[in-house]
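# what follows is a predicted protein model with its sequence.
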Amino acid sequence: MQKKSTKQKKTSIRVNESPVVGILTQPCNETSDYIASAYVKFVEASGARAVPIIWRYSDEEILNLVSKLNGVLLPGGFTPFRNEDGSLTEHSRKVELILNKVKEFNDEGTYYPVLGICMGMQQIAQIEAPYKDTVELCIFDSGDVADSVILKDSAADSQLYNDMPEHLRTAIQNERITYNNHYDGILLSAWNKYSNLKENYHLIGTSYDRKGVEYVAMFESKDYPIWGFQFHPEKNSFSWNPNSRIPHSPSAIELTQFFSNFFIKGARRNFNKLDPKHEIFEHFAKQTPLVISFPTM
């Protein structure tokens, strides 16, 4: 008689083994777009593939592409947020379009993560607030500087904080392992002023510029898998410029890998499908010229 096994069967958790993340392009000029290569490498470091979301696409084309992706990364850059009359620029309007679609997916039960980095974070805050002075322009002295992040009490309620290993929580607060290169940002007073931000987002952490001005460094949506980083997590591992102050210490590299893993872990929970045999290459080649910048400087 065969002995009955007392071992319990492990419940397998379904994951997407080939996630594809869309990265919104930035304008070089009136006819050309770019994606800095470090963002592509940041996504690929955790086993995902990257495709460009050309911001010049029509609304219909963008929504069609977003509906087939597993996550979206909104990168840094220098594109204006608003026109003189206060309306969103076309680039920021496309960000709003993407955010609304992503929220719709999540509301319907499809997990769909978004990560905004530097300007991408600022665009999220500007759209969500949604007031013109949410992001202060040209007041911060945070160009080319490695800094720490002060984790706030409200961080304890966030998924990001709870997934971060304790030694990295210590490192990010005590070592200068986040790279900042911005002059715009969100003052803590603006965060507290606008209820749409304070009530709908966890303030994870803040940093100080060279003049001692405190600004928002990290946030997480309370209702959606949406995150914003004012610093550049992708640069620690993938940007090498001897004239910059990008940190490359072991802690800095581990922090980058944690953020990449965290984001792509979320993308693996999404099962939207982009045909790898055809559509990925079609979206790379569809509109030219598109510049993927190499080397990363």
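That came through fine.
# partner residues bridging the spatially most central residue of the chain?
Computing the C-alpha centroid of the chain and ranking residues by CA atoms, centre = their mean puts Leu115 first, at 2.3 Å. Taking DSSP bridges, one obtains Leu73, Trp227 as the residues bridged to Leu115.
# again with Leu24
Bridge pairing for Leu24 - DSSP bridges - gives Ile53.
# and it, what is it in contact with?
Pro52, Ile53, Trp55, Val72, Leu73, Leu74, Pro75, Lys94, Val95, Ile98, Gly120 (CB atoms under 8 Å, 6 or more residues apart in numbering). Backbone N, C-alpha and C define where each C-beta goes, glycine included.
# what's the distance between it and Lys94?
7 Å (CB to CB, to the nearest Å).
# now the common contact residues for these two.
By CB under 8 Å, 6+ apart, the residues touching both Leu24 and Lys94 are Trp55.
# quick check: phi and psi at the nearest residue to Thr25 once chain neighbours are set aside.
Leaving out its chain neighbours, the residue that sits closest to Thr25 by CB to CB, 6 or more residues apart in numbering is Asp33, at 3.8 Å. Main-chain dihedrals, Asp33, degrees, to the nearest 10: phi -120, psi 170.
# try Thr178
Torsion angles, degrees, to the nearest 10, at Thr178: phi -120, psi 130.
# any idea which helix or strand carries Ser244?
Per DSSP states H and E: Ser244 is located in neither a helix nor a strand.
# quick one, strands of the stretch 101-250 of the chain?
Per DSSP state E, counting those that start in this stretch, the stretch 101-250 of the chain carries strands over the ranges 114-117, 142-147, 150-151, 178-182, 201-208, 214-221, 226-229.
# pLDDT weak spots in the chain?
1-12, 276-297 (pLDDT under 70).
# please, where are all the helices along it?
37-44, 59-66, 90-107, 119-128, 159-163, 166-174, 188-193, 195-198, 235-238, 250-267, 279-285 (DSSP state H).
# helices and strands around the third one, which ones?
When you say that, I think you mean helix 90-107. strand 20-24, helix 59-66, strand 71-74, strand 114-117, helix 119-128 (3 or more CB pairs under 8 Å, 6 or more residues apart in numbering; DSSP states H and E).
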